[in-house]
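[1] only geometry, no sequence info:
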């Protein structure tokens with residue numbers, strides 16, 4: 001008696017194509033589900049060699065400018081020539097924040113993200129963050145830093 005192998009079972013070509021397409025769609029949706037329909041936040045910063053720079057603060061708030069929660073920030077693609085640090089602290093709501101219209105310049109407790117260049121590094125660096133909001137919403141932040 002020989003071992004059974006799925007490859008031994010004949011499958012119609014159409015089914016194989018469908019199964020491969022389904023596997024691709026499921027994998028893509030698992031990776032991109034958190035970002036579906038969400039435009040990435042694009043952040044550009046400059047700093048001098050050896051000096052950290054504030055990338056951005058994050059705080060989720062409601063229409064009355066009250067804090068809902070402090071987000072969880074995850075580095076999904078790390079920088080090549082530096083490191084990312086997150087620190088709790090005051091965050092000032094900016095004009096381009098979603099829902100920030102009447103809350104601009106309000107200060108809330110949140111999380112601040114800093115980029116720290118490696119010693120002796122100058123040039124361009126980049127990294128990506130996922131910022132988790134309530135209701136399982138995740139927004140990607142693409143960050144580019146120029147170190148002079």
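    Nice, I can see it. This structure is a prediction, so every number in the text was calculated from the model and none was measured.
[2] isn't residue 72 right up against residue 132?
    Yes - with contacts counted by Cβ atoms under 8 Å, residue 72 reaches residue 132, the gap being 4.4 Å. (Each C-beta comes from the backbone N, C-alpha and C, glycine too.)
[3] and the two? Which one has more around it.
    The neighbour comparison of residue 72 against residue 132 (other Cβ atoms under 10 Å) goes to residue 132, with 16 against 13.
[4] show the contacting residues for the more buried one.
    71-74, 138 (Cβ atoms under 8 Å, 6 or more residues apart in numbering).
[5] repeat for residue 44
    143-146.
[6] which one of the residues you listed sits closest to residue 124?
    Distance ranking of the contacts of residue 44 against residue 124, using Cβ to Cβ, places residue 146 first at 5.6 Å.
[7] what helix or strand is the residue nearest to that closest one when sequence neighbours are not counted on?
    Spatial nearest neighbour of residue 146, chain neighbours left out: residue 46 (4.6 Å); criterion: Cβ to Cβ, 6 or more residues apart in numbering. For residue 46, the host element (DSSP states H and E) is strand 41-47.
[8] then residue 57?
    Counting by DSSP H and E, residue 57 is part of strand 53-58.
[9] buried set for that strand?
    Neighbour counts over strand 53-58 (16 or more other Cβ atoms under 10 Å) mark 53, 55-58 as buried.
[10] following that strand in sequence, what is the next regular element?
    Taking DSSP H and E, what comes next after strand 53-58 is strand 60-61.
[11] who does that following strand pair up with?
    strand 67-69 (antiparallel) (DSSP bridges).
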